[in-house]
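Asks: One predicted model, sequence on top.
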Amino acid sequence: MENRPVRSTLVQMTELVLPQHTNQLGSLLGGQLMHWIDICAAISGYKLNGKVCVTASVDKIDFLSPIRIGDVVSLVSSVNRAFSTSMEVGVKVFAESFKEGIKTHSNSAYLTFVSITESGIPVESNKVFPETGEEERRFQEAFQRRENRIRKRCK
């Protein structure tokens, strides 16, 4: 297995919030945002292993502020840490209102993915290594979150 820099798994997506993405109040539907987050994170996983990645779990999605119709949504993901067959991917979401000229950090999410073969068998994951202080922090915290996930699963 290879060791790759976290930056090699970086993905940036941009979406425009259209009427079909919103609720009756003109705010982005949470499920639509979760869909975009899942896609962005899966591509980061693919960049690490070169295989289809499936969602194993979603730890947490924090909704910090509403996203409105007409906003431009930027999603940024990277693999925080890879384990045996699983990996944690972090996603940050930013909403930009061109009307108001404001860009805000609206959401953060942590997801666990597993790379699989065409027949659905999990494969051993390449590893990532951090190069910056921020990447190192996320790398260390991913281990703690994994320990918490395992503890909860064993209850």
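Replies: Yep, that arrived.
Asks: same for the lowest-mean-pLDDT helix or strand in the chain, what does it pack against?
Replies: Least confident helix or strand of the chain, by mean pLDDT, DSSP states H and E, is strand 53-63 with a mean of 91. Counting contacts by 3 or more C-beta pairs under 8 Å, 6 or more residues apart in numbering; DSSP states H and E, strand 53-63 packs against helix 30-49, strand 102-115, helix 133-153. Yep, even glycine has a C-beta here, placed from its N, CA and C like the rest.
Asks: From residue 62, how far out is residue 88?
Replies: Per C-beta to C-beta, to the nearest Å, residue 88 is found 16 Å from residue 62.
Asks: actually residue 148, sorry about that
Replies: As for residue 148, its distance to residue 62 is 16 Å (criterion: C-beta to C-beta).
Asks: coming back round to it: out of residue 88 and residue 62, which sits in the more crowded spot?
Replies: residue 88 (27 against 11; other C-beta atoms under 10 Å).
Asks: quick one: contacts for that one?
Replies: Contact analysis of residue 88 by C-beta atoms under 8 Å, 6 or more residues apart in numbering lists 79, 80, 81, 82, 110, 111, 112, 142, 145, 146.
Asks: tell me the phi and psi of it?
Replies: Per-residue torsions, residue 88: phi -100, psi 130 (degrees, to the nearest 10).
Asks: For residue 110, give me its contacts.
Replies: Residues near residue 110 by C-beta under 8 Å, 6+ apart: 58, 59, 60, 80, 88, 89, 90, 91, 142, 145.
Asks: In CSV, list those residues along with distance to residue 51.
Replies: Shown next, in CSV, are the contacts of residue 110 (distance: C-beta to C-beta, whole Å):
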residue, distance to residue 51
58, 20
59, 22
60, 25
80, 19
88, 17
89, 14
90, 20
91, 20
142, 20
145, 23
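Asks: Tell me which residues are up against the least confident helix or strand of the chain.
Replies: By C-beta under 8 Å, 6+ apart, strand 53-63 touches 30, 33-34, 37-38, 41-42, 45-46, 86-87, 106-116, 145, 149.
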